[in-house]
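Student: got a predicted structure here, sequence first:
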Amino acid sequence: MALKESDANFLQTLIDSIPNPIFYKDEKGIYTHCNIAFIEYLGLKKEEVIGHTVYDISPKDLADVYYSADMKLMQSKGKQVYEARVKYSDGSIHDILFTKGTNVNKEGIVKGIVGNMVDITQRKCMENKINKLLNLKESMLDINHALLQINDIKELFILLLEKVMQALDNRVLGCVLVLNAEENLKIIASSGYDNNLSEEFTLKLKDSFFWNAVVGNLDKAVIINDIQKLNFNKYTKVLENTLSIKVESSISTPILLDNRLYALINVDSTDNNAFDESDLEVMGYLKKQIELGIAKYALYEETVYLSRYDKLTNVYNRRYFEELFNIAFTKAKTCNENFFVVIFDINALKPINDTYGHLAGDELIKIFASGLSNNIRVSDIFARFGGDEFVAVFSGDNLQDLIHRLEDIIKEFADNPILFEGNKIICSFSYGISSFPHNATDYNELIRIADKNMYEYKQNYKNKFNEKDKLQR
């Protein structure tokens, strides 16, 4: 039964007042009714929709999908409810909940399909934001737990990049760039980029896309769109990637330590406008947490360093040497191995301090420590014992080979005097050796014997020096 004109006008006015797009197709797939919201969504005139099929208003590949779905729906005489991302006529992307149902007459024949589109973009954004925040909390807990197990800053940044990329939906590539003293950005961690190129890559901060986008404002994350339209001649060659893709948009966040730029975390996408305000919020949260994490790591690293290393010479301190000695001692006993303990003492340090000042003495101590460190193998242990005394454990040597090594170092120092404020100073040292298990089988006795032998060596050195001095007179 046909509707009266007044009833039809009323129904049209009614559906036009509904803000959601509504449409009706007959059994042939021809649009016969729709509201104003549907027309605005399509960006067409009403006469371009009514009396036409989906093939007249959509690209063929999409029209085939819509038409096939409609035919299945009419065959089932049921209902469809699904979500999809839809581009509106103004180019904006919306999350839409589609509800479709069949219109069946008294004889059970399908006469058409009614469709209703509900924009759930804001709801999806909120859901997405909540899920991202929950994931971020878990990610930061993982990072905090990992901080005490990570051996170096590179491992930390690899973990941070992994967690950042997990937090963003449209990520494809990513990297962490650390700023060095020369204001160059160097990649320390990457995902998707060529590893060999990443290691060689260097870029002036002021030549980066980030700097160009923020114009010197380095405290906030920024989205960079239309990357392929940028003037690439202004920048260093962009990294090739293992996925052979073109980056269309990026999101970058600066990491600050002590209010200075320390690093950039950059995530790239193949889609333009891939990142939005919610991603900026996520990156803002991550930025703060990462800065706290790195500061904690730096403090932890400094604490560990001070507990293991001598600050002046950058070699192991006595306490940590004793820990490492116990490990080497246990291994040697278990595997029936031998090793040597060597005590070193710098010759004539007091006269040098008295003549040239303690800065000269400190320089002599540092030069000695550096010279010995350069001749230490991975299997050896070298530490400052206290004052101008040092101690080492040498494994894998016989006694004569070790003596040759040490005498060669003495000769190298003698041939290369230190120049301090115009004065030439020769770094000279005495040493004493004890052997495990030949001389002793415990720490204190090995140290005592090596120390005794060192003083004998030093006395012989003094005697030779005095004899030489007498002959020169």
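Tutor: Done, it's in.
Student: so where is the stretch 301-450 of the chain shaky, pLDDT-wise?
Tutor: Of all residues in the stretch 301-450 of the chain, none has pLDDT under 70.
Student: those strands in it, which residues are they?
Tutor: 339-346, 381-386, 389-395, 418-420, 423-425, 429-436 (DSSP state E, counting those that start in this stretch).
Student: and the last one, how far out from the chain's middle?
Tutor: Using C-alpha atoms, centre = their mean, to the nearest Å, the mean C-alpha position of strand 429-436 is found 46 Å from that of the whole chain.
Student: which residues does that strand contact?
Tutor: 329, 332, 338-347, 368, 399, 402-403, 406, 410, 413, 440, 445-458, 461 (C-beta atoms under 8 Å, 6 or more residues apart in numbering). To be clear about C-beta, it is placed using only N, CA and C from the backbone, and glycine gets the same treatment.
Student: drop anything exposed from those.
Tutor: Among these, the ones that count as buried by 16 or more other C-beta atoms under 10 Å are 329, 332, 339-347, 368, 402, 406, 410, 413, 440, 446-451, 453-454, 457-458, 461.
Student: distance of Asp258 relative to Gln80?
Tutor: Separation of Asp258 from Gln80 (C-beta to C-beta, to the nearest Å): 58 Å.
Student: which one's more surrounded, the two?
Tutor: Shown here are Asp258 and Gln80; by other C-beta atoms under 10 Å, Gln80 has more neighbours (16 against 7).
Student: ok, that one touching Met74?
Tutor: No. Under the criterion of C-beta atoms under 8 Å, Gln80 is not in contact with Met74, lying 10.7 Å apart.
Student: would Ile113 count as being in a strand?
Tutor: Yes. Assignment of Ile113 by DSSP: H, G, I helix; E, B strand; the rest coil places it within a strand.
Student: quick one, what contacts it?
Tutor: With C-beta under 8 Å, 6+ apart, Ile113 has these contacts: 24-25, 70, 73-74, 100-103.
Student: cool, and Glu40?
Tutor: 21, 89.
Student: next, it: phi, psi?
Tutor: phi -70, psi -40 (degrees, to the nearest 10).
Student: can you give me the helices for this structure?
Tutor: Secondary structure of the chain (DSSP state H): helices at 5-16, 36-42, 54-57, 60-76, 121-147, 153-167, 195-200, 209-214, 277-308, 318-335, 349-356, 358-373, 399-415, 443-472.
Student: between the fifth one and helix 277-308, how big is the angle?
Tutor: Here the directions of helix 121-147 and helix 277-308 differ by 10 degrees (axes from the mean of the first three to the mean of the last three C-alpha atoms, to 10 degrees).
Student: what sits against the spatially most central residue of the chain?
Tutor: Nearest to the mean C-alpha position of the chain, by C-alpha atoms, centre = their mean, lies Phe157 at 2.6 Å. If you count contacts by C-beta under 8 Å, 6+ apart, Phe157 has them with 176, 178, 188-189, 263.
Student: tabulate these (TSV), appending pLDDT.
Tutor: Formatted as TSV, the contacts of Phe157 follow (pLDDT from 0 to 100):
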residue	pLDDT
Val176	91
Val178	91
Ile188	89
Ala189	90
Ala263	91
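Student: which one of those is nearest Asp152?
Tutor: Ile188 (10.0 Å; C-beta to C-beta).
Student: spit out the contact partners of the closest one.
Tutor: Contacts of Ile188 (C-beta under 8 Å, 6+ apart): 153-154, 157, 176-178, 263.
Student: write the PyMOL selection for whichever of those residues are buried.
Tutor: In PyMOL, a selection of the buried entries from those looks like this (16+ other C-beta under 10 Å):
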select buried, resi 153+157+176+177+178+263
